[in-house]
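**Student:** My questions are about this predicted structure, shown below with the sequence.
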Amino acid sequence: MSDRSRHARAGARRRRLPLRYLLPSLLLVAMITMLMLRGYVHSEILADHRIRPEAATDKVPDKILDGGPVIDTRGGQETSRSIGKHQLVLTFDDGPDPEWTPKVLDVLKKHDAHAVFFVTGTMASRYPDLVRRMVDEGHEVGLHTFNHPDLSYQSNKRIDWELSQNQLALEGAAGVRTSLFRPPYSSFADAMDDASWPVTKYIGSRGYITVVNNTDSEDWKRPGVDEIIRRATPKDGKGAIVLMHDSGGNRSQTVAALDRFLPGLQGEGYKFANLTEALGMPSAHTPVSGVELWKGKAWVYAVGASDNITGVLVVGLAVIGVLVMSRFGLMLILSGVHARRVRRKDFAWGPQVTEPVSVLVPAFNEAKCIENTVRSLTLSEHPIEVVVIDDGSTDGTARIVENMRLPGVRVVRQHNAGKPAALNRGMANARFDLVVMMDGDTVFEPATVRELVQPFGDPGVGAVAGNAKVGNRDSLIGAWQHIEYVMGFNLDRRMYDILRCMPTIPGAVGAFRRSALERVGGMSDDTLAEDTDVTMALHRDGWRVVYAEKARAWTEAPETVQQLWSQRYRWSYGTMQAIWKHRRALVDRGPSGRFGRVGLPLVSLFMVLAPLLAPLIDIFLLYGLVFGPTEKTVGAWFGVLAIQAICAAYAFRLDKERMTHLISLPLQQLLYRQLMYVVLLQSWITALTGGRLRWQKLRRTGVVGAGPGGRVPHQRTSSVSGDERRPVA
């Protein structure tokens, strides 16, 4: 095989779209298609509600104006026919309707009468069983267009479309075609004018007989049962085509009038027959089979699926609405309770914690960040030792730390085995009972360790979550993550602290009792979210996990969409793995059962289900903007945005952050949130398809100093190794 062929095959393999990307794309396309189909069938798309005023009649032949209600222009002819004496053809427009059409059919069956139902394609597509019942019970069916537009405004192409789609619905519902047609907004033959006559001739050229009426019950006005009967009854025993409606509103008067009208006129010798029976013509129905039948059935099935799927989406939208409002309400209330509690002047976790602490820094290829990280630790106001675990770095990370020659800082090397193994190796080499864990791209403030370990004054506390902040927030994507960290993560942690079901100790800043970690087996590599996994294990073992708001750490957030995607994909998938791993807690007793029945449902609802359903808000926003009602849709979306803005502003106030970053909140909701949706959906698909996600290392830039944009001073205070003070080389 030539090199060119090998390269071509390799390129083809690279270009093949992975399943985890393909499935979300197909799901999105399918969802949009179903919504578009639903909008079309419900006359929200391509609907034209214009009604043309009366026009001149000089181009309409007199024999049509003075003729009967059945107009035949097929084959170039221009004829009309009337119904014979003592014969009535009942016609019902705009159906079928799921409430009123069955009642009309029941009355007709009760009095052994037949009628003609001029169905619209939209209604026939949605309620095919009723159309099938019409045909099975001997009634005739005619076309009334698909979307009920005034055809005098439409082009021939649109007229053909209305007819063909109407026939397609009829074929799928009842397996027949029809030659009968009634134009929307039509009335008597003498109302034909210069605008509607060309349409009637064109309809005839397509093989249809146009049917108008002699008497109009005007039942759509709901004038009362007696008045409907009076208007529908012809005079002097004449035959007539009677116009009624079985859809379009409350038809209770129509049903009641029909139940009196039929036996009353039957008693006077009238017969109620189909149109073709009254005219002595062959049936208007032609059975269809083969491809045409299956096309119709496929159409009806697709419409049913779109209605069902849309119904499910609406339910999902209601669920996400409840979840979002519940989460916002809980966050606002419980985070306020948490802040008031920990900020009281007399508040204390217990005796002040002054014992030394081991700080573990797992590092894999952190050459650009590790020096800032370690130097920030040397400024700690709490006595510490620093253990840097080099997890098989290939960029000289360990050498950089060793060359710094800082007292109290040790480097432990191992072959690359992953972050959980590195942390366990660090614990094995730690000298103290309190262990702080941080990432190799994170910078601590001088007070961070001291604030982080104070909750251990309470002997029931097994772990403490710190306040992770985005250090590189100057870019737009950094600002969006900054909002997410302050609002989503830290408000959540305050809420979960009060509820005693904190789901995650952040890898960037967390502290643990060594004895608590040893009881749960240390850090596990069973999941890709080892921090969530171990936090859940601690809850199940009976330990409290709390949040220390003043223990701030500045971390380097992803700076590109690809890096952000990789990070959040791992987080989402790892969280699902952790939930699944600890699912037995749902039926356990004791602390494990409490976490299982309180913590796991909350985490599943707020961190997995709610984000998965949240795209529905934006999908329906887009649908409402395009197809209406636009004002209500925009108002609802801005209402949700306003609630989010209130929560965000409150979170920023609690964290003493500048409000200027919230300027990008609306844009975050439109763009950034969509990325998070796709990431979570991709995680679901990976889980459901049995995929295995590997750890993905993010590229670091080392831009985070002692704070957002700050630098780490090149000077250190006391550490565990002694009180010597000297400049750092």
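**Tutor:** Right, received. Where do you want to start?
**Student:** my read is residue 554 is in a helix, agree?
**Tutor:** No. Counting by DSSP: H, G, I helix; E, B strand; the rest coil, residue 554 is not found in a helix; it is strand.
**Student:** quick one: it and residue 469 touch, right?
**Tutor:** Yes. With contacts counted by Cβ atoms under 8 Å, residue 554 reaches residue 469, the gap being 5.5 Å. Placement of C-beta: from N, CA and C, glycine included.
**Student:** Just give the closest residue to the residue sitting nearest the centre point of the chain, not the sequence neighbours.
**Tutor:** Centroid-nearest residue in the chain: residue 616, 2.6 Å away (criterion: Cα atoms, centre = their mean). With Cβ to Cβ, 6 or more residues apart in numbering as the criterion, residue 616 has its nearest non-adjacent residue at 4.6 Å, and that residue is residue 317.
**Student:** That neighbour - how many residues pack around it?
**Tutor:** 16 (other Cβ atoms under 10 Å).
**Student:** Would you mind measuring from it to residue 39?
**Tutor:** Here the criterion is Cβ to Cβ, to the nearest Å. By it, residue 317 lies 15 Å from residue 39.
**Student:** cool, and residue 417?
**Tutor:** 54 Å.
**Student:** Among the two, which residue is more densely surrounded?
**Tutor:** residue 39 (19 against 15).
**Student:** what's the closest non-adjacent residue to residue 171?
**Tutor:** That would be residue 296: by Cβ to Cβ, 6+ apart, it lies 3.2 Å from residue 171.
**Student:** Is the one you found located within a strand, as I assumed?
**Tutor:** No. In this structure, residue 296 is helix, not part of a strand, as judged by three-state DSSP.
**Student:** quick one: contacts for it?
**Tutor:** 168, 169, 170, 171, 172, 173, 175, 288 (Cβ atoms under 8 Å, 6 or more residues apart in numbering).
**Student:** Any chance of a markdown table for the residues you listed, columns pLDDT?
**Tutor:** Below are the contacts of residue 296 laid out as a markdown table (pLDDT from 0 to 100):
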| residue | pLDDT |
| --- | --- |
| 168 | 96 |
| 169 | 96 |
| 170 | 97 |
| 171 | 96 |
| 172 | 96 |
| 173 | 96 |
| 175 | 96 |
| 288 | 96 |
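**Student:** Residue 669: which of the residues you listed is nearest?
**Tutor:** For those, the closest approach to residue 669 (Cβ to Cβ) belongs to residue 169, at 39.4 Å.
**Student:** I figured the closest one hits residue 300, correct?
**Tutor:** Yes. The pair residue 169 / residue 300 is scored as a contact, 6.8 Å apart, by Cβ under 8 Å.
**Student:** Give me the more crowded residue out of those two.
**Tutor:** residue 169 (28 against 24).
**Student:** Which helix or strand contains the more buried one?
**Tutor:** helix 156-174 (DSSP states H and E).
**Student:** What residues sit buried inside that helix?
**Tutor:** Neighbour counts over helix 156-174 (16 or more other Cβ atoms under 10 Å) mark 158-159, 161-163, 165-174 as buried.
**Student:** Show the model's pLDDT score for the residue nearest to residue 171.
**Tutor:** Per-residue pLDDT puts residue 296 at 95.
**Student:** Could you do residue 641 as well?
**Tutor:** pLDDT at residue 641 comes out at 81.
**Student:** residues making contact with the helix or strand containing it?
**Tutor:** Per DSSP H and E: residue 641 is located in helix 630-654. The contact list for helix 630-654 (Cβ under 8 Å, 6+ apart) reads 324-325, 328, 331-332, 335-336, 339, 483, 486-487, 490-491, 494, 549, 617, 620-621, 623-625, 658-659, 661-662, 665-666, 669.
**Student:** mind listing the helices in the stretch 501-650 of the chain by residue range?
**Tutor:** 514-519, 530-540, 561-581, 590-594, 600-603, 610-613, 615-627, 630-654 (DSSP state H, counting those that start in this stretch).
**Student:** which outside residues touch the second one?
**Tutor:** Right, helix 530-540. The contact list for helix 530-540, computed with Cβ under 8 Å, 6+ apart, reads 419-420, 423, 462-463, 501-507, 510, 512, 516-517, 520-524, 526-527, 545, 574-575, 577-578, 581-582, 585, 588, 591-592, 595-596, 599-600.
**Student:** Generate a ChimeraX selection restricted to the buried entries among these.
**Tutor:** ChimeraX command restricting those to the buried ones, with burial defined by 16+ other Cβ under 10 Å:
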select :419,420,423,462,463,501,502,503,504,505,506,507,510,512,516,517,520,522,523,527,545,574,575,577,578,581,582,585,591,592,595,596,599,600
